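Enquirer: the sequence and its predicted three-dimensional model are supplied below.
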Amino acid sequence: MATHGPLAGVKVIELAHIMAGPICGLMLADMGADVIKIEKVPDGDDTRRMVPPTIDGESAAFMILNRNKRGISLNLKSPGGKAVLEKMLTTADVLIENYRPGTMERFGLGYDTLHKMNPALIYCQVTGFGRTGPYANRAGFDLIAQGLSGIMSVTGEGAGRQPVKAGPPITDISAGILAAMGVLAAYVHRLKTGEGQLVDTSLLEAGVTTTYWQSAICLATGKSPGAIGSAHPLSAPYQAIQTQDGWINIGAANQANWKRLVEVIGKPGLADDSRFFDNAARIQNLPALIEILAGSFRTRTTSDWLARLEAAGVPAGPVLSIGEMLKDPQVLARDMVVEVEHSRLGPMKTLGPPVKFSATPGRVRHGAPQLGQHTREVLKEYGYSEMEIAGLVGKGDVIAL
């Protein structure tokens, strides 16, 4: 099949479900890799049942994570289904899996076995907590990882309030992106040496990675920072402030932008106020600072302030809903909302690739697969005849449309 992007020609087998593993596959597929998603018999990826919403019966959650992939359905508990997977893995460049630790070994397809079968294979495993350590065998979910990594302790409005998770499943998404980065680094190594290797990351490590600022504070002081709403733990003013008709984010943390900000709001004397003279002082006196700024910002609309701040060169932006974001002119100009052709539903909207390449641009080529949509096509590529495919279908080894 025709492909585009810097990874055109790279064969990826995605033996992953729900989110973190499929995000890794999505990143690689958007960059041109031929990602073959393998779903379980009889009902496929659990994301197909994360409904509502659906679009004419198809799960919106499944479709947004699995575009640009081809899909087949195998019964890995049957000899025939397992044999198909083994055949595919003998020539694959990359395997992505995010099963619970030990699952692939029980199938007889753990890393050590596959490395002997295909020494060039890059085996990418995404788990809840990593392959080693006391939690290695635990099942992991984004909510659990957000709590364990400290994210929930620094998210929300402050002491005395219930713990709050970040709205998006950030450890799932970050783990998928980290996994894709690891695969690409391993692929560079393979280009140099011909050797594959194991790439191992987890939701926990993804969560910990997001805490750089908060961990810096704790490692330096021995004290854990807490939740402070939208404010920054190290810079001020750098947070959301209410306007006459909504909210606006202000990024006036460095000294030059601070001085510009006080001019815009008509209070230049604040620049010489000892409470706010530099960033350290502003952090120490943040409640008083925000009280003064809030009084000013409530006098005008968000759009009015945005125009004034932009003219003065002060970083600022609106707090948009998801619907507003999806219509934002900059989001659209960056092709982050694109139209894709689904095999059953026709044209539909989805999110676009987040990385752009000048010489080898990727693109959204097709929508997410229906369950078993490409089984026949893929098996033929691996040398199976129509009669053999019919036999596999008849025994329940595969699902094929």
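Expert: Yep, it's here. Everything numeric here is computed off the predicted structure, so don't read it as measured data.
Enquirer: could you point out which element follows the helix or strand of the chain with the lowest mean pLDDT?
Expert: When each helix and strand of the chain is scored by mean pLDDT, DSSP states H and E, helix 103-106 comes last, with a mean of 94. Going down the chain from helix 103-106, the next helix or strand is helix 111-117, by DSSP states H and E.
Enquirer: helices or strands up against that following helix?
Expert: helix 79-89, strand 122-127 (3 or more C-beta pairs under 8 Å, 6 or more residues apart in numbering; DSSP states H and E). For the C-beta atoms, the positions are set from N, CA and C on the backbone; glycine is no exception.
Enquirer: first-to-last residue distance for stretch 8-20?
Expert: End-to-end distance of stretch 8-20 (C-alpha to C-alpha, to the nearest Å): 22 Å.
Enquirer: hmm, I was thinking of stretch 81-99
Expert: Using C-alpha to C-alpha, the end-to-end distance of stretch 81-99 comes to 17 Å.
Enquirer: so how far is that stretch from its chain's centroid?
Expert: 23 Å (C-alpha atoms, centre = their mean, to the nearest Å).
Enquirer: now do stretch 290-308
Expert: 33 Å.
Enquirer: in that stretch, what counts as buried?
Expert: By 16 or more other C-beta atoms under 10 Å, the buried positions in stretch 290-308 come out as 290, 292-293, 296-297, 300, 302, 305-306.
Enquirer: low pLDDT regions in the stretch 251-400 of the chain?
Expert: Scanning the stretch 251-400 of the chain for pLDDT under 70 picks out no residues.
Enquirer: which residues in it form strands?
Expert: Applying DSSP state E, counting those that start in this stretch to the stretch 251-400 of the chain gives strands spanning 316-318, 337-342, 346-351, 398-399.
Enquirer: return the most buried member of those.
Expert: Neighbour counts (mean count of other C-beta atoms under 10 Å) averaged over each of the strands of the stretch 251-400 of the chain peak at strand 398-399, with a mean of 25.
Enquirer: the closest residue to Leu270 other than its chain neighbours: neighbouring residues, count only.
Expert: Residue nearest to Leu270 in three dimensions, not counting chain neighbours: Val262, with 4.4 Å by C-beta to C-beta, 6 or more residues apart in numbering. Other residues near Val262 come to 21 when the count uses other C-beta atoms under 10 Å.
Enquirer: quick one: contacts for Val262?
Expert: If a contact means C-beta atoms under 8 Å, 6 or more residues apart in numbering, then Val262 has 268-271 as its contacts.
Enquirer: please apply the same query to Ile151.
Expert: 165-166, 170-171, 207, 210-211.
Enquirer: give the contact list for Arg300.
Expert: 243-244, 308.
Enquirer: at 6 Å what do you get?
Expert: Gln244 (C-beta atoms under 6 Å, 6 or more residues apart in numbering).
Enquirer: show me where the stretch 101-250 of the chain has helices.
Expert: 103-106, 111-117, 142-148, 170-193, 203-209, 212-221 (DSSP state H, counting those that start in this stretch).
Enquirer: how does the chain divide up, domain by domain?
Expert: Domain segmentation of the chain under automatic domain parsing yields 11-210+335-399, 238-325.
Enquirer: most packed of the ones you listed?
Expert: Mean neighbour counts for those (mean count of other C-beta under 10 Å) peak at domain 11-210+335-399, with a mean of 19.
Enquirer: what separation do you get for Phe357 and His4?
Expert: Phe357 sits 10 Å away from His4, taking C-beta to C-beta, to the nearest Å as the criterion.
Enquirer: what distance do you get for Thr221 to Ala253?
Expert: From Thr221 to Ala253 the distance is 20 Å (C-beta to C-beta).
Enquirer: an error on my part: the question was meant for Thr171.
Expert: 27 Å.
Enquirer: now distance to Gly25 too, for the contacts of Val262, in a markdown table please.
Expert: Conversion of the contacts of Val262 to a markdown table gives the following (distance: C-beta to C-beta, whole Å):
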| residue | distance to Gly25 |
| --- | --- |
| Pro268 | 54 |
| Gly269 | 56 |
| Leu270 | 51 |
| Ala271 | 51 |
